[in-house]
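J.: what's the 3D shape of this:
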Amino acid sequence: MMTIRKAADRGHANHGWLDSHHTFSFADYYDPDHMGFRALRVINDDRVKGGMGFGAHPHRDMEILSYVLEGALAHKDSTGTDGVIRPGDVQRMSAGTGVVHSEFNASKTDTVHFLQIWLVPEKRGIQPGYEQKTFPEPDKRGKLRLVASHDAADGSLTIHTDAKVYAGVFEKGESAALELAPGRHAWIHIARGKVKVNGTELSDGDGAAFSNEARISIDGVADGEVIAFDLA
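T.: A predicted model of the protein is given here:
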């Protein structure tokens, strides 16, 4: 079964410096029908103006992925980690017993566009941790590249959740499929552009949930980039 979540139906908050769309309930946006999907709790589609960002703030017991689509995002946290995330990079922060971090646009002038993704961990109270890897576009072109998994398979980031996270980039004529084992579920998020998912055209910000499906096909339409989640 496929259930579509259109971009226009998401929560929206514009704070001037931050323009954010929420696929699931977050902060002041509350929708009891969209509290998450399986272990996937948050997909925030954020655009932050130059020189602005999120000041130091705490998190606990959450696996947080940052995926930059445009620009550069500077990160600093209480574990002593700091760095810059650019398109092609994926960052994982395990909040565990508690971590304080900040995220700022690394540019004074250009907007940074990124996805903030939260997954509920399988166990509370783990040691906080941080990891960042680069997955170049050629590795994602016309395929679903594993970027995060429970067992760090295929050079992916390690997440403390029974999930696999893939990224793919598709032009017209390019296609890939996500094969799901019995009892598994999936969420497909369109980060940019247009693709067809099981024959249905979806575009920027759209999402689709899948249960009781063995195979999900993704076909390029126009400069599409997708994030795919294989979930317990």
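J.: only C-alpha atoms for contact and neighbour calcs from this point on.
T.: Fine.
J.: Okay, and the beta partners of the residue nearest to the spatial centre of the chain?
T.: In the chain, the centroid-proximal residue (CA atoms, centre = their mean) is I117; its distance is 4.2 Å. I117 has the following beta-bridge partners by DSSP bridges: I43, L65.
J.: what sits against it?
T.: Counting by CA atoms under 8 Å, 6 or more residues apart in numbering, I117 makes contact with L40, R41, V42, I43, N44, I64, L65, S66.
J.: and the closest residue to K49 other than its chain neighbours, what does it touch?
T.: Excluding the flanking residues, the one nearest K49 by CA to CA, 6 or more residues apart in numbering is T111, at 4.6 Å. Shown in contact with T111 (CA under 8 Å, 6+ apart): R47, V48, K49, G50, E70, G71, N105.
J.: pLDDT on the longest strand along the chain, on average?
T.: Longest strand in the chain, counting residues (DSSP state E): strand 215-231. Strand 215-231 shows a mean pLDDT of 97 in the predicted model.
J.: Can you give the strand pairings for that strand, parallel or anti for each?
T.: By DSSP bridges, strand 215-231 pairs with strand 163-170 (antiparallel), strand 175-179 (antiparallel), strand 185-197 (antiparallel).
J.: what's the closest of the ones you listed to N14?
T.: Nearest to N14 among the strands paired with strand 215-231 is strand 185-197 (18.9 Å), distances taken as CA to CA.
J.: Which neighbours in the sheet does the helix or strand just after the closest one have, and how are they oriented?
T.: Remark: after strand 185-197, the chain's next helix or strand is strand 200-203, criterion DSSP states H and E. Next to strand 200-203 in the sheet, as set by DSSP bridges, lie strand 185-197 (antiparallel).
J.: Got the domain ranges for this protein?
T.: As assigned by automatic domain parsing, the chain contains the domains 10-134, 137-231.
J.: Compile those domains into a markdown table and extend it with columns for distance to T3.
T.: Output for those, formatted as a markdown table (distance: least, CA to CA, whole Å):
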| stretch | distance to T3 |
| --- | --- |
| domain 10-134 | 11 |
| domain 137-231 | 5 |
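J.: Skipping adjacent residues, who's closest to G71 in space?
T.: G71's closest residue in space is V112 (CA to CA, 6+ apart), at 4.4 Å.
J.: do P58 as well
T.: Closest residue to P58 apart from its sequence neighbours, by CA to CA, 6+ apart: V100 at 4.2 Å.
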